[in-house]
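Q: Output the structure for:
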Amino acid sequence: MALLLAAGMTAAVPGAAAYAQEQTEMETQQAAHQHVWKNAGCTWNSDYSAATFHLVCKDDASHTMDVNAVITKNVMMPTTCTQDGKVRYFAKAAVGSGTFVDWKTVTVPAAGHDWQAQWTWSADYSQATLKLVCANNANHTYETTVKTVKETLAEPDCVTEGLYLYDAIADYDGQRFTDYKRQTAAANPDKHPWIDDVKWTWSPDRSSAQAVFTCWNDESHTLTKDAAVTKTVLKEPTCTEPGEAQYTAAVSAPDDQYTGDESNLTASETVEIPALGHDWGEAKWTWNEDYTKASVTRVCKNDPSHIETADAVITSEEKDGRKIYTASAVLGGETLTDTKTKEVSKEAAAAAQNGSNKNGTKDANAKAVNAKAAKPVKVTAASSAVKTADGSTPAVWGMMIAGGALAAGAACRRKSAKKKA
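A: Here you go, the predicted model:
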């Protein structure tokens, strides 16, 4: 367009000639100018895989240009599992007759071991061996044997299999390595998951008790254990009042399958202790001097304050020249007796005996004398000196009776002699 205006339209457009001249001079100057670039800086990306040079014209700072560099990597020191390495990155760009370079030296941290774990277990899972091999360097290895930890996930019982978990744990090089094995166990017919509630049975006198455990799986599976029973007297019985006692039974858990509260393993019952009743000691008798009155007393062995007494009924009889007094009393429904013996006068007893031995015959006088001699003497409590109605003493009467008996005996003998003659 500029050439066309200059050649053919100069006269038609005012100033066209001057414009064309200016354009021609500018193009001439540009053709003659050559840029001389200088490096104003280099920008790297984060991993040093790319870089950009920023160029500025030495003659005119407004003239700039960015050029991508070619990157090369040089490993100065290799990185190992335990040692840091060094790498140098070179950036290079060629523009015109100039070449621009830059570099970065980077420390690469040690890679560390990349352990690969291999576990070997014993047959019973009680221990395991760990072997470590580094993925970065197969020459780097480590080996150790550890005891395992057994965890019971489920105990075997009469119906269910058991399940156990074995854990193997090893720490090395700041890392923890683990492995595990599961093991099952066959059901055990002797193992039962017992119900918490325990049923108790007692003997009638509460001296023994039994605890009955029932299986969760099957109510027909039961276990009976004899309990240890202790007795505690809460109230002592007396002769007339009952007491109270508490019996406590206790058993141990059947096995570790019982998980109920320990309070279920004891039971107690409170029962009445019957009244003791009286345990009477030996009866003690008290007689008056002439044995016409008597009383009996006895004391309870359980309680000395319990005393009972009664007056006796007295009976008497003569036998072999003695007078026997018998006292009889009733205490607590029991008849008690006691006796006392008193000698009859010898003369009266002899006369009575002599008269009874004469061929079985006695005259009226002898009978009267003997009867009078055998008549009991009444002893009063008022005085120990007994008197007759006319004021004479029993001794005088005794002599008279004895004399009469002798006279009667003599008369009988005389009559008998006459008859024989």
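
Q: For residue 327, pull up the helix or strand it's in.
A: Assigned by DSSP states H and E, residue 327 falls within strand 322-331.

Q: which strands and helices sit next to the very next helix or strand once past that strand?
A: Downstream of strand 322-331, the first helix or strand assigned by DSSP H and E is strand 334-343. Secondary-structure packing of strand 334-343 (3 or more C-beta pairs under 8 Å, 6 or more residues apart in numbering; DSSP states H and E): strand 284-287, strand 294-299, strand 322-331. Every C-beta, even on glycine, is put in place using the N, C-alpha and C of the backbone.

Q: If you count neighbours, what's buried in the strand holding residue 327?
A: Within strand 322-331, the residues that count as buried by 16 or more other C-beta atoms under 10 Å are 323, 325-329, 331.

Q: got it, and stretch 302-316?
A: For stretch 302-316, using 16+ other C-beta under 10 Å, the buried residues are 302, 306, 310, 312, 314.

Q: first vs last residue of that stretch, how far apart are they?
A: 36 Å (C-alpha to C-alpha, to the nearest Å).

Q: Can you pull the domain assignment for the chain?
A: Domain segmentation of the chain under automatic domain parsing yields 2-108, 115-185, 199-273, 284-343, 346-420.

Q: Where does the prediction get shaky in the protein?
A: In the predicted model, the chain carries pLDDT under 70 at residues 1-33, 256, 345-421.

Q: what kind of secondary structure is residue 263 in?
A: helix (DSSP: H, G, I helix; E, B strand; the rest coil).

Q: Could you give the number of residues near it?
A: Residues lying near residue 263 (other C-beta atoms under 10 Å) number 9.

Q: Quick check: the gap between the residue nearest to residue 78 when sequence neighbours are not counted and residue 76.
A: In space, residue 78 comes closest to residue 85 once its chain neighbours are excluded; the distance is 5.1 Å by C-beta to C-beta, 6 or more residues apart in numbering. Look at residue 85 and residue 76: by C-beta to C-beta, to the nearest Å, they are 8 Å apart.

Q: One more: residue 169?
A: 41 Å.

Q: what does residue 136 give?
A: Taken as C-beta to C-beta, the span from residue 136 to residue 76 is 19 Å.

Q: Please identify which of those two sits among more neighbours.
A: Legend: neighbour count by other C-beta under 10 Å for residue 136 and residue 76, higher for residue 136 (15 against 12).

Q: so who does residue 91 touch?
A: 42, 44, 51, 53, 69-71, 101-103 (C-beta atoms under 8 Å, 6 or more residues apart in numbering).

Q: Show me the strands in the stretch 151-300 of the chain, by range?
A: Counting by DSSP state E, counting those that start in this stretch, one finds strands in the stretch 151-300 of the chain at the ranges 162-172, 175-185, 199-202, 209-214, 222-226, 228-235, 243-250, 266-273, 284-287, 294-299.
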